[in-house]
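Participant: Give me a 3D structure for the following:
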Amino acid sequence: MFSKIKSQDTNEVVTLEEAKKQLGLLASETIDDALIQMYIVMASDIAQRFTRRLLSPGVIELVTSNVGAFFLPYGGSTDEVITAQTIEDIPQDVSFTYEPVSEIFTFDSDVDLTQAVKITFNTGYASGSIPSCVKIGVLMAIANFYEFREDFTIDSKPSEIPLTSRHYLSMVKIQVI
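Facilitator: Down below sits the predicted model:
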């Protein structure tokens, strides 16, 4: 199975104003705004990779064959707009069922599972609906980046997400089975 993000809205989980409040900075203190904005983008991207969910609306394209049922990646579909078509010169629609609660996609019994099928669906949190635990995890990562701006490592990898942020983001992380 292969999936890719076909398109995605800007992935910024928190605003500059929210980040500055977390950092204890006044709105009038603008000298670090560009740096903080970069931290917002970086922390949001790290959170998205860690949770295996799109944190802003986007479209996923997935190609599969020889599989009858599976979890849709990136948190499943956010609406009823899912298309499934064979990959051939003239694509044919493929019948399926999707259970949004369990995020399980199942091909109907009449589908030839040996054929490659492309599935396209919308996913991601709509603006204003990002869970608080994700926002807190991102804000804490931003605070960590801001506090420890200098380049150093001690028994940890610089690419690792801070422990407290990891805790909050784990609340919505999709587990790999």
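Participant: Show me this structure divided up by domain.
Facilitator: The chain breaks down into these domains under automatic domain parsing: 14-53+129-170, 58-123.
Participant: which stretch among those domains comes nearest Gln8?
Facilitator: Among those, the nearest to Gln8 by CB to CB is domain 58-123 (3.3 Å). No exception for glycine: its C-beta is placed from N, CA and C like everyone else's.
Participant: ok, and the closest non-adjacent residue to the spatially most central residue of the chain?
Facilitator: The chain has Leu54 as the residue nearest its centroid, 2.3 Å off, counting by CA atoms, centre = their mean. The spatially closest residue to Leu54, leaving aside those adjacent along the chain, is Gly124, at 3.5 Å (CB to CB, 6 or more residues apart in numbering).
Participant: if I read this right, that neighbour contacts Ser7, doesn't it?
Facilitator: No: between Gly124 and Ser7 there is no contact under CB atoms under 8 Å: 10.3 Å.
Participant: one step back: for Phe2, which of the domains of the chain is the nearest?
Facilitator: Comparing the domains of the chain under CB to CB, the one sitting nearest is domain 58-123, at 4.8 Å.
Participant: Make sure Ser7 is indeed in a helix.
Facilitator: No: applying DSSP: H, G, I helix; E, B strand; the rest coil, one finds Ser7 to be strand, outside a helix.
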